[in-house]
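Novice: A structural model of the following input is requested.
(chains A and B)
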Amino acid sequence: MPLTLKSAAFRAEREASWRELEELVRRAERRGVRALTGAELARLPPLYRAAVSSLSVARAISLDRNALRYLESLCARAYLLVYGTRRHLREAADDFFRRRFPVALRAHGWHVLLASLLLAGGILTGFAMVLRDPDRFYAFVSPAMAQGRGPTASTEALRDVLYSRKGAAEMLNTFAMFLFSHNAQVGLLAFAAGFAGGVPSALLVFGNGLALGAFAALYASRGLSLELWAWLLPHGVTELSAVVLCGAAGLALGQALVFPGRRDRLSALAARGREAAVLVVGAVAMLFVAALVEGIFRQLVHSVAARYAVAGAFAFGWALYFSLAGRRR
Amino acid sequence: MSSAHDAGGLTERRHEILTPEGVPLQLTVAAAGDRLGALLLDQLFIGLGVLALGIPLLWLLVRGVVVPDLVAAAFVLGIFLARNVYYPFFELSWQGQTPGKRLLKIRVVDRHGGSLRAEAVVARNLTREVEIFLPLAAVSGAGSFFPGAPGLARLLALAWLLLFGLLPLFNKDRLRVGDLLAGTIVVLQPEPILLPDLSTGAAPPGEEGFTAAQLDAYGVYELQVLEDLLRGSGPGRQETLEAVASKIRARIGWEGREPAEAFLRRYYAALRGRLEGRLLFGKRRADKHDQAD
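Specialist: Coordinates of the predicted model:
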């Protein structure tokens, strides 16, 4: 008499449903969830739950290693299918800008405030120091960024930079370069450097402020303040806010690392990291907007009043968006 | 590659997640080599994509339709977009896989068993720029990267950047900074196959005949080693079976003269029946040295 074990009988009873689930999972893995029909999709959750419960039972009663391994991997595959991401990118993006981004920003109010203060402090320090000693300009601004602008440049040359006219190709070029220019880099770096305790993030934001302050002092010494800010602010409002957001995200990460609170360090970091990443993604989108303004608008519109009007409109728009979007009615 | 993963739990690193149903699942952490391979493949695909975009542009340039400035800008823009959109797009729409990961059969999952969320995918991919491309740029052009810095400071900064990128090698779950921030982990796509049950398919007829004492000689560990042996294939299988059969015969004092494989199968079925029966009463004998009961 061939002996039949309880575990073998258990397996014989359920094997058909495991095979069915395996087939569904295999097809979905190969060609995406959309390859399944509606009826098959409806079968997936019950089959998955049955397999998970089979696994629990099998762990308790079966010593057949191959069957256990098979069930374990089948459950893992089905689990990844059932609980993996299901939202489409467009849907996620929609939800992101309507709700997640402004909500995340309001949740990081203190970090944003601190980063803003750091930036403002950097600007004021840079301004005051360069005004007193123009040679300090070179300490704060790298040659690549200065592009010939500096204490030795003539007032005319400095003025020309503010009103240059460019063709379409150069506009696109400016736009593209902008993305790679230190703004986007500083933003991403400020976020990622939060992993090193947040201090590098603070330094980056402050250093960015120093460079800006140095420029402001340079132009102020030639009586071009009004025109410089008209040149800077239309995109600067958006760009500087984005840098502040990245800095705030970096500070939040640093805080999670140094003061994890009641959770362990790793999970505090993971939770914070996901929230802070929301800020950075939003900031990158803002940098995109700023790049458009810098690449196109600024080359076309030279009226100081119009430039200030646009800067004001942007400031108002962002303030409105960040304070109102995503609130429950 | 797959042999290393199947080496019986010795080389592979396991990570346990708890599903929302409350059942723990064991996943195998993807090896560092697989991760690197997937990254290189993905970079290759991105490169090919940009090239496919670039060839018509270059043609236009040669024909004098567009100016070099525009081509350069389009290239820069294309690379930026490709690098920053490719990964999130695929990881979101292919459930945590990119083409490279898919080829190497690895995927991204949530570390605690939840579903993989969009912001987690974005967070882990944003930091790639800082982890990998920054150190690369620093190594390739250290001079331009830290202008005016003294040599020692430059060296330290370089080490720090490298440490960032090499973090996966220093923790057992192979987490890179992006994984830490996003709460994700990269695991091997599990896919073993269900083989026939050894206790039913070939349960040979004949006397049952093992005494309780003979079946108490071994525990679960030996049972499963025996299972692997019986399921195995390859040149040396027959000799191994003979050797194991004679060892077991000697240990339990078995006089029967049947062929090694038939004997082992029968002993396997009987041993499994005995151990599983005791398992039902909450007694699990881990191996032959386990004298707990």
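Novice: B:Leu58 versus the residue of chain B most remote from its centre, what's the distance?
Specialist: In chain B, the greatest distance from the average C-alpha position (CA atoms, centre = their mean) is reached by B:Gly64, at 50.9 Å. With distances taken as CB to CB, to the nearest Å, B:Gly64 is found 12 Å from B:Leu58. For every residue, glycine as well, the C-beta is placed using N, CA and C.
Novice: what's the answer for B:Gly219, then?
Specialist: Computed with CB to CB, the distance linking B:Gly219 and B:Leu58 is 69 Å.
Novice: so the two - more neighbours on which side?
Specialist: Under the criterion of other CB atoms under 10 Å in any protein chain shown, the comparison of B:Gly219 against B:Leu58 puts B:Gly219 first, with 20 against 13.
Novice: wait, the more buried one sits on B:Asp287?
Specialist: Yes. In this structure, B:Gly219 is within contact of B:Asp287 by CB atoms under 8 Å, at 4.1 Å.
Novice: if we can go back for a sec, does the residue farthest from the centre of chain B sit in a helix, a strand or a coil?
Specialist: coil (DSSP: H, G, I helix; E, B strand; the rest coil).
Novice: what's near enough to touch it?
Specialist: Contacts for B:Gly64 (CB atoms under 8 Å, 6 or more residues apart in numbering or on different chains) come out as none.
Novice: do A:Gly236 as well
Specialist: A:Gly236 neighbours (CB under 8 Å, 6+ apart): A:Ala290, A:Ala311.
Novice: can you list the buried residues in the strand or helix carrying it?
Specialist: Assigned by DSSP states H and E, A:Gly236 falls within helix A:225-258. Within helix A:225-258, the residues that count as buried by 16 or more other CB atoms under 10 Å in any protein chain shown are A:227-257.
Novice: isn't A:Arg263 up against A:Ala270?
Specialist: No. Contact between A:Arg263 and A:Ala270 fails when scored by CB under 8 Å: they sit 9.2 Å apart.
Novice: give me the more crowded residue out of the two.
Specialist: Higher neighbour count among A:Arg263 and A:Ala270: A:Ala270, with 24 against 13, using other CB under 10 Å.
Novice: that one in helix, strand or coil?
Specialist: Under three-state DSSP, A:Ala270 comes out as helix.
Novice: what sits against it?
Specialist: With CB under 8 Å, 6+ apart, A:Ala270 has these contacts: B:Arg111, B:Leu180, B:Leu181, B:Ala182, B:Gly183.
Novice: kindly recompute the last result at 7 Å.
Specialist: B:Leu180, B:Leu181, B:Ala182, B:Gly183 (CB atoms under 7 Å, 6 or more residues apart in numbering or on different chains).
Novice: return only those of those residues found close to chain A.
Specialist: B:Leu180, B:Leu181, B:Ala182, B:Gly183 (CB under 7 Å from any CB of the partner chain).
Novice: what is the burial count for the residue nearest to the first one when sequence neighbours are not counted?
Specialist: I take that to be B:Leu180. Distance criterion CB to CB, 6 or more residues apart in numbering or on different chains; nearest residue to B:Leu180, sequence neighbours excluded, is A:Leu269 at 5.7 Å. A total of 23 residues lie near A:Leu269 under the criterion other CB under 10 Å.
Novice: quick check, A:Leu269 in contact with A:Phe259.
Specialist: No. A:Leu269 is beyond contact range of A:Phe259, at 11.3 Å (criterion: CB atoms under 7 Å).
Novice: low-confidence stretches in chain A?
Specialist: A:1-3, A:84-89, A:143-148, A:164-185, A:328-329 (pLDDT under 70).
Novice: domain-wise, how is it divided?
Specialist: Annotated domains of chain A cover A:6-83, A:89-324 [automatic domain parsing].
Novice: what's the closest of the ones you listed to B:Leu215?
Specialist: domain A:6-83 (12.9 Å; CB to CB).
Novice: so how far does that closest one reach from one end to the other?
Specialist: 32 Å (CA to CA, to the nearest Å).
Novice: interface residues of the stretch 101-250 of chain B facing chain A?
Specialist: So the stretch 101-250 of chain B meets chain A at B:107, B:109, B:115-120, B:122-123, B:126-127, B:129-130, B:147, B:177, B:180-183, B:190-195, B:197, B:199-200, B:203, B:205, B:220, B:223-224, B:227, B:231 (CB under 7 Å from any CB).
Novice: quick one: which of these sit in helices?
Specialist: Among those, the ones falling in helices (DSSP state H) are B:118-120, B:122-123, B:126, B:177, B:180-182, B:199-200, B:220, B:223-224, B:227, B:231.
Novice: just the buried residues of these.
Specialist: B:118-120, B:122-123, B:126, B:177, B:180-182, B:199-200, B:220, B:223-224, B:227.
Novice: and the strands in chain B, which stretches?
Specialist: B:14-18, B:24-28, B:106-110, B:184-188 (DSSP state E).
Novice: buried residues in the first one?
Specialist: So the one you mean is strand B:14-18. Buried, per 16+ other CB under 10 Å, within strand B:14-18: B:His15, B:Ile17.
Novice: please apply the same query to the second one.
Specialist: Neighbour counts over strand B:24-28 (16+ other CB under 10 Å) mark B:Leu25, B:Gln26, B:Leu27, B:Thr28 as buried.
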